[in-house]
Each structure stands twice: as structure tokens, then as C-alpha cells.
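Undergrad: Take a look and give me a structure for this.
(chains A, B and C)
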Amino acid sequence: MARAVTPRRMILTTIAAWGVALVIAFPVIWMILTSFKTEASAVASPPELIGASWTVENYVEVWSRSDYPRFFWNSVVISVGSTLLGLAIAIPAAWSMAFVPGKKTKDLLMWMLSTKMMPAVGVLIPMYLLFQRLGLFDTKIGLVLALMLMNLPIIVWMLYTYFKEIPGEILEAARMDGAALWNEIVYVLTPMALPGIASTLLLNIILAWNEAFWTITLTTTKAAPLSAFIASFSAPQGLFYAKLSAASTMAIAPILILGWFSQKQLVRGLTFGAVK
Amino acid sequence: MGKIVLNRVNKSFGDVAVIPGIDLEIENGEFVVFVGPSGCGKSTLLRLIAGLEDTSSGRIEIDGKDATTLPPAKRGLAMVFQSYALYPHMSVKKNIGFPLKMAGMDAAEAEKRIANAARILNLTNYLDRRPGQLSGGQRQRVAIGRAIVREPAAFLFDEPLSNLDAALRVSMRQEITELHQTLKTTMIYVTHDQVEAMTMADKIVVLNAGNIEQVGSPLELYHRPANLFVAGFIGSPKMNLIDGAEAMKHNATTIGIRPEHLDVRADGPWQGIVGLAEHLGSDTFLKVTVEGLGTLTVRATGEVSLRHGDRIGLSPQLERLHRFGADGKALA
Amino acid sequence: MSTHSSRFAARLMVAPSVALLLIWMIVPLVMTIYYSFRLYRLVSPDRTGWTGFTNYTWFFKSSDFWLAMGNTLALVGGVLAITVVLGIAIALLIDQPVKGQGVLRILVIAPFFVMPPVAASILENLFMHPQNGLFAAVSIYFGSDPILYMQDYPMWSVIGIVSWEWLPFATLILLTSLQSMSSEQLEAAEMDGASALSRFRYIILPHMMRAITVVILIQTIFLLGIFGEIFTTTQGGPGSASTTLPYLIFKQAIVAKDIGRAAAGGIIAVVLANIVAIFLMRGIGKHLDA
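TA: Numbering: from 1, shown residues only, chains lettered A, B, ... in the order given. Below you'll find the model as predicted:
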């Protein structure tokens, strides 16, 4: 709404909006602050801020006690791998749903989404046994497959909504110009849908990075990503707040940085393409 | 070359026959316009020729070869779409060159053709721009350029001017006509605007509900409409159609008289009252209510000082009267 | 755009996604159905065999099951209510012209970057802990006793944690929808003499309906399976006070080591999820031109 507002009102809404935003983000901010305190300072009552004793000791300790680089690398491989594989499978599917819709297309899409409603816990045992049997247990390949399948419906849906914004006449024009299906997708559709594809990519990397059920239940050590790394820190019984905070910060930092730099695509992606 | 023959071409969606069966011959080098109201099947017919839709039955021949099942790219046709369908992420040059790239043409030859098309269409200074930076008319020319470079057997135009403003539409109309005279390639042009049809076509195909109502040159259709539909569709303002007792006098179910063939004369046989007078300067359009005949449109030349409520007499030019039978067909 | 060849190509291109999802859905489902009719306890691996519907009837007779059903509903309903209402309020606030929109937006979506186990353990320990948590310090400052969140209000605590995680999503979708609102419409309403409240009620809210349905649809999909947050914080307790259906199944499988029973619970959960799905798709699918 492009309307002139009084400076007074602007100041008031700015204060209110910043207040609310800080409250929402406060747990993250407090966690990062705590990670730089000594353990004693972290649990001090009343809570210390100005007079707290600051240190980076927690990070050093967490780093030396665990194999952070390995967890980190596993997280990267699993989240990026599953998303790229998902995109490769979903782009053709979304293409056909958006541009050659049949009577059943909408039902098919809804069915795909509904597969996500199955509680993962319900099929935990068979999944566990299957993964053991197929030699996928505690492997990166296994998790890439599992998370790809988990997020595939979301990827298809998002791409579908982005593709639908592209006028069909352009693809017909490409066909008249002699582009075979493959060229049509590579030279026309994909470049035109690039912002949408970027948003989809980003959102699904984050969803996969943050996934904490299959990544914990289907791994032990070799393929365990950061979600499993943090689970091993999650029962500190009050004494290791600073170290817990440091480990937590290390687990979410990569995503926090990625999100910061790709804000625009991410915000678009976060709406799942459902709202314009 | 670009001779296109349609033989009993039919298109059905489920039980609904959008085009029940059409026979049509389009000669090489002809400018053919498909015209009709929206939903008459003219765009579907064009898309069948393009290969963007499958024919349900029947046969499409291009240059003597059966093209019924050929994919669009193999038919040697080029199409200009209503929305221009330019690739927004490519420069003008790449847009025009895209079909050549798809055909695997070598760069030097492609370059030459692009430059040539750009020269013909006055796009030379815009080759590095993106479609988003062009005006509507320029985009239209890029779309045409993309069609020209392929040197197709025929051009297909799907309502290409409907997104332009009135002034631009007139100038683009002339440009396309000139282009046809330069290239002498077959062009098939779809529009719902009968003015476009009349001004551009060598041959007009009037379509209604998937059927061809009449095929002929613009003046043939104007002077000798084959039926009521064509009579009512071609010509602006519309032909006045009168039935009842007055038509019986001429041994017809319906008679038609164009607004320009009604003379305003005090002693005319049809006496009426002026309802509305639209002064265009060159012409004056009058809506005249005549007892027993309904409201007639009259096109009087020049400035006429008649106003709402004036009583006038109208006299039809009897040699210009069209007579139609009970089946809607013109009587000889 | 539909020729036989393009339709054929289209079917061919959806096929991998559909096939993979079918396998992903059917294979575990069939295995789960199989186990749900078996006697299969890890503590007594020798005693196996068919047990008919015993595994199923155990659930329906168990009071924990009905409690878990209620808790699941409370979790989904509670989080939806909180995120939608707060989401609308925050979206309306941020949509105003304010300074520093960019950083503001990052702050608001910050919770989304936090993986569930981290969110749960940080909120549980750093904030809700009765001795060392920040909330306890606040209570003490105001002279009251610290609240034992996980002890006395386990379900509310879980709902709070999950709501915090999902608030950015709801806010962003609602904000996007709000920004697509035509200002002419609002100005017309203002000319017609509508107060700020009735403008919200009759113009803004109806405009946001589609966005709200999207929030409900997508969040429900994720909320029905919430597990990690409970696992890290209350472990379903005290007693079964914060046990949801997924967590109850997990307890049967891992704690009681009764695979058959867990499988039966899984099937019940799948059936219930499908019922919810049908209602959602029927009711909400209409609003989406998906």
C-alpha cells in the first residue's frame, strides 16, 4: 500500500515490528550468546549479559570431542544430493502436469502430497529392516534416497506452481521452432523457471538439512549428519548449556549463512509457491 | 512452396465435435484469413494445420505430402502467436536465431539470415535487447522475424494484432500485408476482426461453429454473402436484416440491406424516427426506428444535421438488396 | 497443447515420480500390515505367529491410545490456531512501512533455520528449565515461583515449541498474500466509509483465505508426524501426558520392543492420516487452483 504515513506512525510501527521480530528471533540470538559464555556464566541466575565472562572455549571443546567435519560433510551430501536428485526427477513430472494436464492431474498431485501425511514412525520398523536388507543402512546413498522421496511431493508441487506461470504458447512456439522435447525443457522452460527452481532448491535443502527422524533412525556413525550430531548433545541435564549452545550453533550455522545470502529466493520458496 | 489441402479434417474432444469436417484448399502464395466469432473453431483449425493439435480424422496435405501425423517442427510452417510467445530470457537476436539453432544451422549462415530478417523488420538496432525492453509493436516484429528466418512453406498467424492498441494495429496490418507482397509466401491468418479480414486477405474463410460458411475474396463476401451468417458478419456497421411482411414483398423470408445502401430521402418508402445520430465527420451513423421493420442502421455520407426525434424517410437501393430463404441461404 | 505424442511424453515423464512414490508408500505399508497381524516381540523372538486383530484391539482398549489421539489433535489444532492468528497479526504489522524491512524479515524467519532437535533442546533447557532457564529467571524477578513447564504443562510446552518453529512459515505466506492485495480495493472500501476493523473483516481477511488454507494444508501435513520435539523434551511424559500417536507407536516399537503392536499402531495412524487428508483435500483442495 503506497500511502504516505505520518513520521510518528512510522516510528511507532517500526518499534513494534522490531520488537516482535526480536522476540521471535530471540531464542536463536540467546543461544548464540550463550555459546560464547563460560558454563558458570551460562547458568548464572539472574542471567548475565553485560557482566558475563566470554570465551570460545566451548567451540574448541565441541570441535575436539566430536568429528564435526564428518557430520557437516554428511549433512551437505545428504541435503544437496537428495534435493538435486529430487529436482531431476520432478522437473519432467512437473512439466507434464503443468503443460499437458489430464483430468487426473489434480488428483495425482493431491495424492503425492498425501503420501507425506503418513507418519514416518508408522513405517519405521519396515524401513529399518528394508534398509538393513538392502545394505542402505547408515549410508549416505540410503539417506539421499529416503530424503529425496520424502521431499519429492513438495518439489513436484512447487515446480508445478512455478511452471504454471509460464505461458503455454511459449513452449508451443519452441515446438514450432523445431525444438524437441528435451531442447524445449533445457533451452526454454528451465531458464524461464530459474527463479522458481532456485527457490525450490533452497527450501528443500533446508528441509533436508533439518530432517531429524530418518537421519537419526537410519544411521549410526558413518552417515550420520548434523541432526544426529546434535541429538547426541541433547540431554545435558543443566550443566553443559554453553557447550550445548555451541554445538547447536555449529549445527545450524551453515543454513543460517545460506539463508542470509539467499534471502530473496528463500522467502519466495518458503511460501511453497502457493501464494503470489 | 506452400500449398495446403485439408480433406474432411475433423477435431473432436470426447463427444464434442469442435470441427465436424472441413475441406479447404489454400494455394501457394495466398493470403488466407480465417474469420469468425470467438469459439467458431478458427484457432483450432490453425493449430491443426500447425500440428499443435491432433486431427481426429481426415487428412492434411502440405505441398502434396501427407502431414496429418507429422510433428509441428517437421511441417515446415512457422507460427506467430497472439501473445508473441517470445523467449523472455533471450536477446532479440537469440530469439530470432532460436529456430536456426534448433535446426543445427552453421553460425555464419544463421548470422546472415538473422541480419536479413532484422533489416526487413527494422530491428537491427534492437538485436541485443531483451523482449521485456521492447514495445508491443517491436515484440510483434521479433515474433515475425523468428518466423521469417526459417523460410517456411507458410506462415500461420494466430490473432497477432489483438494485443496492440488501435493505431498500432493499423500500421502492423499494413506491415504484414507488405511483408506478404515481398515474400510471396503463403500466409494463414486467424482473426475475429472482420476489418482485418477485409483489408488483408486474398481469400477469406468465414467459420461458424466449426463449419465453413463461405470462402471467397473480400468483395465477393461483401457483395454476395452466401447466407445470413456471412451477411451479418462481414461489413461494418452490420447489414440490416428484415423479415416479415416487407421481406414477403420481395419473395424472401429475410431481406438484408447494408447501412450504406439506405438513402435518406423525405419521400422514401420507409418512414421512421431517428433514435441516435453518431457524427464521425466523414460519415454519420443513424439508428432509425421504422414502424413494422424495427431499428435500421443508416450510413449517411458526410455531415448530416439530423438529431434525436427527427422524422425521416429511407429509401433502399433495390439493386443492392440481399434476399434470403427460409434456410438462411441467399436466393439468386 | 495436446497431441498424442506430447501426451504420451507427458505420461512418460510423470511415471518415475509416481512409480517411486508408489514404491515408497506401498512397500513399507504392506510390510507394516503384515507385521500388524503377527506376534513379534524383540524380547521373546521365539514366540511368533499370527495373532489376528489382537494388536489392533490392544490400542482401542488402551486408555493411552485415546489420550494420544487427544494430544495429537491438541497439537495440530493448537499449533494451527496459534500460528495462523499470530501470523496474521505479525503480517499486518510488518506490511506497514517500517525501517529495515530486510533485516526484519530475516529475524522473523530465523526459527525456520533451526532444526527441530536444536529448537526443542534450546527452548527446553535455555528457556523453560525450572532452575536455569530464562523464563524461570523472569518468574523469580516478578516474585513468583518458576513454572515447571515440562512437568505441569507438557502438552502446552510442546505446542509452544512447535508453534515457534512454524510461525515464520505462516507469517511469510500470509504476508505475501497481504502484499498482493490491491490498494485500490482498500481505498474504495475507505471511501465507502468502512472502518479499519471492517476493512480487515470484509476485505483483507477474505483476500487472505487462500493463503490461510495453504498454511493449514501444509502445516497439517508436517504436524501430524511431529516426533523429534517430543523425543528431545518430554519423552511423552510425565506418564503419557504428552504422548501423541506417533510417539505412542515409537514407544511400542523401541521401549516395549513389540514390533507387531507398533505396526498395528502405524496402520491406525496411516488410516487416520488418510481420513484427515481426505477432509483436507476435499475442503481445501477446492481453494487451491493446484
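
Undergrad: Secondary structure class of the nearest residue to B:Thr186 once chain neighbours are set aside, three-state.
TA: Here the nearest residue to B:Thr186 in space, its sequence neighbours aside, is B:Gly2; by Cβ to Cβ, 6 or more residues apart in numbering or on different chains that works out to 3.3 Å. C-betas here are computed from N, CA, C, even on glycine. Per DSSP: H, G, I helix; E, B strand; the rest coil, the secondary structure class of B:Gly2 is coil.

Undergrad: pLDDT at B:Gly2, what is it?
TA: Here, the pLDDT recorded for B:Gly2 equals 82.

Undergrad: could I have stretch B:283-291 exported to PDB, CA atoms only?
TA: The C-alpha trace of stretch B:283-291 is given here as PDB (Å, rounded to 0.1, in the frame of the first residue of the first chain):
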ATOM      1  CA  ASP B 283     -20.000   9.700 -42.100                       C
ATOM      2  CA  THR B 284     -23.000   9.900 -39.900                       C
ATOM      3  CA  PHE B 285     -24.400   6.700 -38.500                       C
ATOM      4  CA  LEU B 286     -28.100   6.900 -37.800                       C
ATOM      5  CA  LYS B 287     -30.300   4.500 -35.800                       C
ATOM      6  CA  VAL B 288     -33.800   4.900 -37.300                       C
ATOM      7  CA  THR B 289     -36.800   3.100 -35.900                       C
ATOM      8  CA  VAL B 290     -39.200   2.300 -38.700                       C
ATOM      9  CA  GLU B 291     -42.700   1.000 -37.900                       C
END
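
Undergrad: Return the residues in contact with the residue positioned nearest the centre of chain B.
TA: In chain B, the residue lying closest to the centroid (Cα atoms, centre = their mean) is B:Ala197, at 3.3 Å. Applying Cβ atoms under 8 Å, 6 or more residues apart in numbering or on different chains to B:Ala197 gives the contacts B:Val33, B:Val35, B:Thr191, B:Ile204, B:Pro218, B:Ile234.

Undergrad: next one: B:Thr69
TA: B:Asp54.

Undergrad: cool, B:Thr186 as well?
TA: By Cβ under 8 Å, 6+ apart, the contact list for B:Thr186 reads B:2-4, B:26-32, B:153-155.

Undergrad: Closest residue of chain C to chain B?
TA: C:Thr3 (4.7 Å; Cβ to the nearest Cβ).

Undergrad: Show me where the stretch 1-150 of chain A has its helices.
TA: A:7-35, A:39-42, A:57-65, A:68-99, A:105-114, A:124-133, A:140-164 (DSSP state H, counting those that start in this stretch).

Undergrad: likewise chain B?
TA: For chain B, helices defined by DSSP state H occupy the ranges B:42-50, B:92-102, B:107-120, B:136-148, B:166-183, B:194-200, B:218-223, B:228-233, B:245-249.

Undergrad: Point out where the chain drops to low pLDDT.
TA: Using chain A. A:1-5, A:234-239, A:270-276 (pLDDT under 70).

Undergrad: Actually, chain C is the one I wanted.
TA: Residues of chain C that meet the criterion pLDDT under 70 lie in C:1-2, C:283-290.

Undergrad: let's see 50
TA: Scanning chain C for pLDDT under 50 picks out the ranges C:1, C:290.

Undergrad: distance of the residue most central in space within it from chain A?
TA: For chain C, the residue nearest the mean C-alpha position is C:Leu223 (1.5 Å; Cα atoms, centre = their mean). To chain A, C:Leu223 is 10 Å away according to Cβ to the nearest Cβ, to the nearest Å.

Undergrad: Could you say which helix or strand holds the closest residue to that residue other than its chain neighbours?
TA: Closest residue in space to C:Leu223, ignoring its immediate chain neighbours: C:Val76 at 4.7 Å, by Cβ to Cβ, 6+ apart. Per DSSP states H and E, C:Val76 falls inside helix C:63-94.

Undergrad: Tell me how far that helix lies from the chain's centre.
TA: 8 Å (Cα atoms, centre = their mean, to the nearest Å).
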